[in-house]
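Asks: Let's see this in three dimensions:
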Amino acid sequence: MRYSNLIYPVIFTEYNDDGHYFTVTSPNIKGMVTQGDTRAEAALEAVDAIATMLDGAPSYPKPQDPSKWPLKDNESIVYVTVDMAQWYREKAKWQHSKTVRRTITVPEYLNDLAKQRHLNVSRIATEALEHELQQA
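Replies: Have a look, this model is predicted:
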């Protein structure tokens, strides 16, 4: 059975060598490794790493019981929740975010003011469209 919300224990390893950061691995998902500068960042990166590793898998590995995992002093167990449905929605949005060329017409005075202020009209139009479509 495929679940949308998955919870996996992972191992956070804290390092203070070339700076302060955390790596994340999981015995549940072979080859999964990621990192972040903070625990919060590492947890977010772990969600994406797990989802990426599970993308397209016919079934998801059953979470292991981490109580018997041998840990070093700089390691800790953290449970990470992965919402696969949300991850797939975000992946689809990202894949469809390719830009297309679109000609728009604006009054000349607005065009002149935008040029004077070095405004990115495409960015402003994109943000306005996103705002309008979210309100619909």
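Asks: Mark out where each domain of this protein begins and ends.
Replies: The chain is divided into the following domains under automatic domain parsing: 5-95, 99-136.
Asks: Pick the most buried one from the ones you listed.
Replies: Highest mean neighbour count of the domains of the chain: domain 5-95, a mean of 14 (counted as mean count of other CB atoms under 10 Å). Yep, even glycine has a C-beta here, placed from its N, CA and C like the rest.
Asks: Endpoints of that one, how far apart?
Replies: The first and last residues of domain 5-95 sit 22 Å apart, counting by CA to CA, to the nearest Å.
Asks: For it, what is the distance to the chain centroid?
Replies: In terms of CA atoms, centre = their mean, to the nearest Å, the gap separating the centre of domain 5-95 from the centre of its chain is 12 Å.
Asks: Would you confirm that residue 87 contacts residue 49?
Replies: No - if you go by CB atoms under 8 Å, residue 87 and residue 49 don't touch, sitting 10.9 Å apart.
Asks: Lowest average confidence across the domains of the chain, which one?
Replies: Looking at those, the lowest mean pLDDT belongs to domain 99-136 (a mean of 86).
Asks: Identify the residues contacting the residue nearest to the spatial centre of the chain.
Replies: For the chain, residue 48 is the residue whose C-alpha lies nearest the centre (CA atoms, centre = their mean; 5.0 Å). Residues counted as contacts of residue 48 (CB atoms under 8 Å, 6 or more residues apart in numbering) are 34, 87.
Asks: so which strand or helix has it?
Replies: Counting by DSSP states H and E, the element that carries residue 48 is helix 39-54.
Asks: ok, the helix or strand just after that helix: who's next to it in the sheet?
Replies: Of the helices and strands lying after helix 39-54 in sequence (DSSP H and E), the nearest is strand 75-83. In the sheet, strand 75-83 lines up against strand 5-15 (antiparallel) (DSSP bridges).
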